[in-house]
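Visitor: Need the 3D shape of this:
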Amino acid sequence: MMWELIKNLLLVSLGMGIGVVLMCILSVGKEADRHMIEIKESEEN
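Guide: Next up, the predicted model:
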(Lines give C-alpha, C1' and ligand atoms only; values in the text may rest on other atoms or scores of the structure.)
Protein backbone atom coordinates (compact mmCIF):
# COMPACT_ATOMS: atom_id res chain seq x y z
CA MET A 1 0.00 0.00 0.00
CA MET A 2 2.75 2.45 0.95
CA TRP A 3 4.70 1.64 -2.22
CA GLU A 4 1.64 2.45 -4.38
CA LEU A 5 1.34 5.86 -2.68
CA ILE A 6 5.03 6.62 -3.20
CA LYS A 7 4.82 5.50 -6.84
CA ASN A 8 1.80 7.75 -7.45
CA LEU A 9 3.56 10.73 -5.84
CA LEU A 10 6.64 10.14 -8.00
CA LEU A 11 4.53 9.95 -11.17
CA VAL A 12 2.64 13.15 -10.29
CA SER A 13 5.82 15.07 -9.45
CA LEU A 14 7.48 13.78 -12.62
CA GLY A 15 4.50 14.87 -14.71
CA MET A 16 4.45 18.31 -13.07
CA GLY A 17 8.19 18.68 -13.63
CA ILE A 18 7.83 17.83 -17.32
CA GLY A 19 4.92 20.28 -17.61
CA VAL A 20 6.95 23.10 -16.03
CA VAL A 21 9.92 22.38 -18.31
CA LEU A 22 7.65 22.39 -21.38
CA MET A 23 6.10 25.71 -20.32
CA CYS A 24 9.57 27.22 -19.83
CA ILE A 25 10.71 25.99 -23.27
CA LEU A 26 7.55 27.40 -24.90
CA SER A 27 7.87 30.82 -23.23
CA VAL A 28 11.57 31.02 -24.11
CA GLY A 29 10.73 30.07 -27.70
CA LYS A 30 8.11 32.83 -27.91
CA GLU A 31 10.59 35.38 -26.53
CA ALA A 32 13.22 34.24 -29.05
CA ASP A 33 10.71 34.56 -31.90
CA ARG A 34 9.82 38.09 -30.78
CA HIS A 35 13.50 39.08 -30.62
CA MET A 36 14.15 37.61 -34.08
CA ILE A 37 11.21 39.60 -35.51
CA GLU A 38 12.49 42.81 -33.87
CA ILE A 39 15.99 42.21 -35.26
CA LYS A 40 14.64 41.60 -38.78
CA GLU A 41 12.49 44.75 -38.63
CA SER A 42 15.40 46.88 -37.41
CA GLU A 43 17.59 45.53 -40.24
CA GLU A 44 14.95 46.41 -42.84
CA ASN A 45 14.57 50.00 -41.60
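
Visitor: Please enumerate the helices of this structure.
Guide: Counting by DSSP state H, the chain has helices at residues 2-44.

Visitor: which stretches of it have low pLDDT?
Guide: Counting by pLDDT under 70, not a single residue of the chain qualifies.

Visitor: Now with 90, please.
Guide: Low-confidence segments of the chain (pLDDT under 90): 1, 32, 35, 39, 43-45.

Visitor: Enumerate every residue touching Lys40.
Guide: Lys40 sits next to no residue when contact means CB atoms under 8 Å, 6 or more residues apart in numbering. Every residue, glycine included, has its C-beta placed from N, CA and C.

Visitor: Check the spacing between it and Asp33 real quick.
Guide: 11 Å (CB to CB, to the nearest Å).

Visitor: can you check Met16 too?
Guide: 26 Å.

Visitor: Tally up the residues packed near Glu31, please.
Guide: 10 (other CB atoms under 10 Å).

Visitor: Kindly report the same for Leu22.
Guide: What Leu22 shows, counting by other CB under 10 Å, is a neighbour count of 10.
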